[in-house]
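Undergrad: give me coordinates for this.
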Amino acid sequence: MPRKRSTANALKRILAASTQPIYALDSNRQVVFCNAALLDWLELTEEQIINQRCDYHAQVGTSAIQNTLASLCPPPEALAGQEMTLTVCVRQPNGSAAETTITFMPLSGEEDPTGILCLVGQLPQEMPPAMQNMLHRQLSEFRTRHAQYYRLEQV
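TA: The predicted model follows:
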């Protein structure tokens, strides 16, 4: 039995030592692991992110950490077991936005997914203000269109 534990610890040490930002989510989308590279990039502490749930939302008025976690949330296809790499815009707690890629690697058990390993691609420079403004305008238009179509107060 000790062999299994030492193997798990070795894997954790390897992932933790990587300069590539890495995080792992359980089947409930809670952050169960993140390495120092991710924490440095997001300017967060382990206490702020571990055991927090990545829920996608487009709401205004949520906390900066919730906004950051929303941008790390895997798409439904990854939650259903499909490996994919997407370009995402990650909103950092300091308010800046950065475009990067995240590879979502679902980890499956015998019947159901057990979690997702997420590898952040090359870290970008901060997104230029013109791009931030364009994305903000597009998101606002999207929300307005869909709120009217679905007769929802908030999308």
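
Undergrad: CA atoms for contacts and neighbours, from now on please.
TA: Fine.

Undergrad: okay, buried residues for the helix ranked longest in the chain please.
TA: Assignment by DSSP state H gives helix 129-150 as the longest helix of the chain. In terms of neighbour count (16 or more other CA atoms under 10 Å), helix 129-150 has its buried residues at 132, 143.

Undergrad: ok, now which ones touch the spatially most central residue of the chain?
TA: For the chain, residue 72 is the residue whose C-alpha lies nearest the centre (CA atoms, centre = their mean; 1.3 Å). If you count contacts by CA atoms under 8 Å, 6 or more residues apart in numbering, residue 72 has them with 54, 90.

Undergrad: likewise for residue 32?
TA: Contacts of residue 32 by CA under 8 Å, 6+ apart are 23-26, 50-51.

Undergrad: for the longest helix of the chain, what is the average pLDDT?
TA: Across helix 129-150, pLDDT averages out at 74.

Undergrad: and the residue nearest to the centre of the chain, how far from residue 63?
TA: 15 Å (CA to CA, to the nearest Å).

Undergrad: cool, and residue 43?
TA: 15 Å.

Undergrad: same thing with residue 35?
TA: Applying CA to CA to residue 35 and residue 63 gives a distance of 22 Å.

Undergrad: sweet, I'm off.
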